[in-house]
Structures are given as structure tokens and as C-alpha cells.
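# Structure, please.
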Amino acid sequence: MGVVRRVVQPASLPGVHAPGAGFEAPFDMLAACHERVERMLALLARLQQHLLEHGRDDSARQAARDVMRYFDLAAPLHHQDEELHVFPPLLAGPDAGLRALVQRLLQDHRDMEAAWPPARSVLQAIAESSATDWAPLLPAQTAVLERFSALYGRHLMDEDKLAYPAAQAVLAGEDLQAMSQDMMQRRGVRAGG
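Below you'll find the predicted structure:
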């Protein structure tokens, strides 16, 4: 069937650029990261279905590696972007509702960090399995992957609809430039490159 094989092209993983988004527009980059998170979570869901239908074939093993690569590399950098640049002005601001939201978003990040190693372990087992291994995921393994995915639903929406617009409203040109420079530096990207 090849469903997993067609879903994600290696060039799109984990990539620092998404089409139409660059470091000169840091909030566009953050939004593009959210789109990649959603694609990776959709790939994770399709992978689970693919395992039932096709076993741990090459497509399944590659999909598991793609998801691991994204959440090992790009996701932690994205969380750092938010914690260094988006959340601080909101925590320092006068809006108690935004401060409470940011506290919850920070806790979400900690929960995601804690949920990733068990989810990664399941994916690692798939990535390292043989093509003749048709063993389905155990219910506990499925639960681990579903728990990891579930942590993102409200979190992404609250950042996109509330935190990002509020932070954009208070960050001036110099702040955005510093944010852009820091995002590039932490990823080893040179300005203009």
C-alpha cells in the first residue's frame, strides 16, 4: 500500500526551514514548526495503522526513524525558542490570564519531555525490527504513543491562538531581531544562509 512511504519525504525532516518560513520572520518559523509537529503526529497515527496492515516493513521502519529524528532534534529547539522568547514577555506582563496560560504551557513542555523517552523506545523497537516481524504493538505500547500525541492538541492551539499573538503584540523590532539571531545561532545557521 505504501501509505507511510508517501507521507513524509526525507528532505522535509527535520529541517530548519519550512516552505515560506525563515528565521527573518521568527513567528512564521514557530507556526511552521507547529505544522511539522502536526505532520509528525499524523505520521505516527498512520504508522500505527500501517503496522496492523503491513507489519514492520521498510516503510514502517523509516516512518519510526523520521518521527524520532523530528522529536529528538527539532522539537526541543522549538520549545527553547518559546521558553526563551515567547513566554518571558507574557510572564512579565500585566495579564494574569496569560501568565496562567504560560505556566500551563511550560508544564506541557515538561510533560512532553517526560512522555518522549517511552514513546521513543516504542519507535526505536520498530525502527530496529526486521522486515519479517509482524508483531503488532502491544496495548501498552499503543497507549504510550497515544499519550505522547495527546499532549499536543490543546497546547498547539493555545500557543497559536493566544500566546503567539500576545507575544507578537509586545515584541518590538529589536526583540524580533534578537529572537531571529538566537534561533539561528542555536541551530548553527549563519545569517543569510
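# ok, longest helix in the chain?
helix 96-127 (DSSP state H).
# what packs against that helix?
helix 58-69, helix 75-81, helix 87-92, helix 139-150, helix 153-158 (3 or more Cβ pairs under 8 Å, 6 or more residues apart in numbering; DSSP states H and E). C-beta here means a position set from N, CA and C on the backbone, and glycine is covered the same way.
# Is the residue nearest the centre of the chain within a helix or a strand, and which one?
Nearest residue to the geometric centre of the chain (Cα atoms, centre = their mean): residue 37, 3.7 Å. Using DSSP states H and E, residue 37 sits in helix 26-54.
# List the buried residues for that helix?
26-27, 29-34, 36-37, 39-41, 43-44, 46-48, 50-51, 54 (16 or more other Cβ atoms under 10 Å).
# go on, stretch 106-114?
108-109, 112.
# of the residues you listed, closest to residue 149?
Of all these, the one sitting nearest residue 149 is residue 112; the distance, using Cβ to Cβ, is 10.3 Å.
# and the helix holding residue 37, how far from the chain's centre?
8 Å (Cα atoms, centre = their mean, to the nearest Å).
# and if you look at stretch 122-137?
On Cα atoms, centre = their mean, the centre of stretch 122-137 falls 23 Å from that of its chain.
# same thing with stretch 80-100?
20 Å.
# Enumerate the positions of it that are buried.
81-82, 85-87, 89-90, 98.
# ok, back up a step: could you say what helices and strands the helix holding residue 37 packs with?
Looks like helix 26-54 contacts helix 3-7, helix 58-69, helix 75-81, helix 139-150, helix 153-158, helix 164-170, helix 173-187 (3+ Cβ pairs under 8 Å, 6+ apart).
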